[in-house]
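Participant: fold the following, please.
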Amino acid sequence: MRPLVLAVLCCSVVGLAGVAVVAGAPPPSQVCGVCGPGIGDDAALEGATGHGTLDVYVDETGDSRWSARIPVTPGAAERYRENATALEAAVDGAWGRYHAAAGDVRAVESSLDRNVVVVNYTVNGLARRGVGDTWVVDYFATGTSRTHYERVAERVTIHTPDGTVVTNRIPGAEVDDNTATWTGENERSGGDDFGEQLYLTYGTGGVFDTANGYATIGLAVGPGVLVRAVSIGIVPGVMIGLVGAFVGRGSIGDRTSFARTVVDETAARLGLQDAPLGSRSLEESIVAVGAIGAIVLLLFGAVRTGSALSPGAVVLSSLGFGYALIGVTVSRIGDRLEMRGLVGLVVIATIAAAGYTRLLAGPVVYPLPLVFGFATGLCLPIGFAFERGRTPIGLLGVIALVPSAGIALVYPMTTAHVWNVAIGVLLFLPWIAVVALFGTPLALLGRQLGTSRK
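Facilitator: Residues are numbered from 1 along each chain as shown. The predicted structure is shown next:
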């Protein structure tokens, strides 16, 4: 009974901790302060028949004018038209307790346009100058705070100054020249709406302004993201680095290491170790595993989601494509590739896998598999280096940084506390197993190539 009691207590503690976290989270902040009611606030304009729309106009200095338009009943419109004081009182009572511009609202003006109440107000410092001639709207970026947004309004549009264009991709928004619009109907948003980490860059347009815009975002979030990513990824990073050394050091003829013994015995049971040098059986096995895996994953994704080319299945399938590409290339020109050539091959295979994903499913929305696919591919040159009597410290360091790179790409604003570090380890354990499973044949192939040069 003691194990059962202990399990129940552990589950209770975890459950209570989860409830405390949820209960302690603040209500969502309404993007439009007077378009309620929202999830966490029932404040609303008296007589409103809908949530209305919000347009945010950014001027040349980075300040902004917000214009909310809320439809009301004919009776309410008539009352507000005859009594301006009633209109002002109704607007004062419509402000949500939690809204994006809370504390920064200036110069509120209310008016009536037929059956629509128009509320204009200003917010200073919405945008700031970035790299070069670009500007960035980072007012809504919450960093690691627990603030999250609720659009509330049926439509929210940010307008940058005339003569400029939005230069970055914004999840959940439809971008058209100098406007970014959120309606919740963007199919490419993957369910995301007005994000908590919104960075909108704008300039005169062109390649340089686009590059400057992304550089501005990088400078704004980069240092903090790197610190958090390394903090969360350090434990799984050490684990995957040890996996790389483990599979790489298993070598032909030297059985003094426990790691080598385990890897070689496993390879022998799989029929990979006994192939005579110069044969194509190992390369052919890698090509077959990659090609069959790519096809099976696409079929599985189609059956599971009902979509012929679902993004998740395609990105996993791309790993099989890259794996097969490595096998094909080594079978053709492997005897001419040295260390740099093998590393270059892995880089090219990873880029090709990303291109495969881009071609079949559009933008790469799931970068984590590609990052760990790159780590798997590096087992090829790692095995080659160990067989040639060198310790590839640099490559082992690169794969040890892969979990941190995954955190930076997928979860950049995750806070680095103990729970997230523990969750990070659990999250990456399956991927570490994948690197070990599919990296072992590549390491064997690299060692085989290294042996042939002796």
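Participant: ok, which stretches of the stretch 251-400 of the chain are helices?
Facilitator: 258-269, 281-305, 311-333, 339-361, 368-377, 379-387, 393-400 (DSSP state H, counting those that start in this stretch).
Participant: let me have these in a markdown table, adding mean neighbour count, mean pLDDT and distance to L87 as columns.
Facilitator: For glycine as for every other residue, the C-beta is placed from the backbone atoms N, C-alpha and C. Below are the helices of the stretch 251-400 of the chain laid out as a markdown table (neighbours: other Cβ atoms under 10 Å; pLDDT from 0 to 100; distance: least, Cβ to Cβ, whole Å):
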| stretch | mean neighbour count | mean pLDDT | distance to L87 |
| --- | --- | --- | --- |
| helix 258-269 | 15 | 48 | 77 |
| helix 281-305 | 17 | 88 | 50 |
| helix 311-333 | 22 | 90 | 48 |
| helix 339-361 | 18 | 90 | 51 |
| helix 368-377 | 25 | 90 | 52 |
| helix 379-387 | 28 | 93 | 70 |
| helix 393-400 | 18 | 92 | 63 |
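Participant: residue contacts, the closest residue to E154 other than its chain neighbours?
Facilitator: Counting by Cβ to Cβ, 6 or more residues apart in numbering, the nearest residue to E154 once its immediate chain neighbours are dropped is H51, at 5.2 Å. Counting by Cβ atoms under 8 Å, 6 or more residues apart in numbering, H51 touches C32, C35, G36, I70, V152, A153, E154.
Participant: redo the helices of the stretch 251-400 of the chain as a markdown table? Include distance to L126.
Facilitator: A markdown table is the format used below for the helices of the stretch 251-400 of the chain (distance: least, Cβ to Cβ, whole Å):
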| stretch | distance to L126 |
| --- | --- |
| helix 258-269 | 57 |
| helix 281-305 | 39 |
| helix 311-333 | 33 |
| helix 339-361 | 33 |
| helix 368-377 | 33 |
| helix 379-387 | 48 |
| helix 393-400 | 40 |
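Participant: who wins for proximity to E88 among the ones you listed?
Facilitator: helix 311-333 (49.4 Å; Cβ to Cβ).
Participant: and that closest one, what does it pack onto?
Facilitator: Contact analysis of helix 311-333 by 3 or more Cβ pairs under 8 Å, 6 or more residues apart in numbering; DSSP states H and E lists helix 281-305, helix 339-361, helix 368-377, helix 418-452 as its packing neighbours.
Participant: looking at those helices, which is nearest to I234?
Facilitator: helix 418-452 (8.1 Å).
Participant: name the helices or strands packed onto that closest one?
Facilitator: helix 207-249, helix 258-269, helix 281-305, helix 311-333, helix 368-377, helix 379-387, helix 402-410.
Participant: reformat those helices as CSV; add distance to A90.
Facilitator: Below are the helices and strands packed on helix 418-452 laid out as CSV (distance: least, Cβ to Cβ, whole Å):
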stretch, distance to A90
helix 207-249, 39
helix 258-269, 74
helix 281-305, 47
helix 311-333, 46
helix 368-377, 49
helix 379-387, 67
helix 402-410, 44
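Participant: T305 against A313, yeah?
Facilitator: Yes: using Cβ atoms under 8 Å, T305 is in contact with A313, at 7.1 Å.
Participant: can you give me the helices in the stretch 51-200 of the chain?
Facilitator: For the stretch 51-200 of the chain, the helices defined by DSSP H, counting those that start in this stretch cover 74-82, 84-94.
Participant: quick one: T53 from N124, how far?
Facilitator: Distance of T53 to N124, computed by Cβ to Cβ, to the nearest Å: 22 Å.
Participant: out of those two, which sits in the busier spot?
Facilitator: For T53 versus N124, neighbours defined as other Cβ atoms under 10 Å are more numerous around T53 (20 against 11).
Participant: can you pull the contacts of the nearest residue to that one once chain neighbours are set aside?
Facilitator: Leaving aside its chain neighbours, T53 sits nearest to R155 (4.5 Å; criterion: Cβ to Cβ, 6+ apart). Neighbouring residues of R155 by Cβ under 8 Å, 6+ apart: T53, L54, T181, W182, T183.
Participant: ok, of those residues, which one's closest to V247?
Facilitator: W182 (46.7 Å).
Participant: what's the burial count for the residue nearest to the closest one when sequence neighbours are not counted?
Facilitator: Spatial nearest neighbour of W182, chain neighbours left out: V156 (4.7 Å); criterion: Cβ to Cβ, 6+ apart. Neighbour count for V156, taken as other Cβ under 10 Å: 26.
Participant: pLDDT at V156, what is it?
Facilitator: Each residue has a pLDDT score; the one for V156 is 93.
Participant: that older thread, got the phi/psi numbers for the residue nearest to E154?
Facilitator: phi -80, psi -20 (degrees, to the nearest 10).
Participant: would you mind measuring from it to T183?
Facilitator: 12 Å.
Participant: cool, V314 as well?
Facilitator: Taking Cβ to Cβ, one finds V314 at 27 Å from T183.
Participant: got a list of what W182 touches?
Facilitator: R151, R155, V156, T157, G172, A173, E174, D193, F194 are the contacts of W182 under Cβ under 8 Å, 6+ apart.
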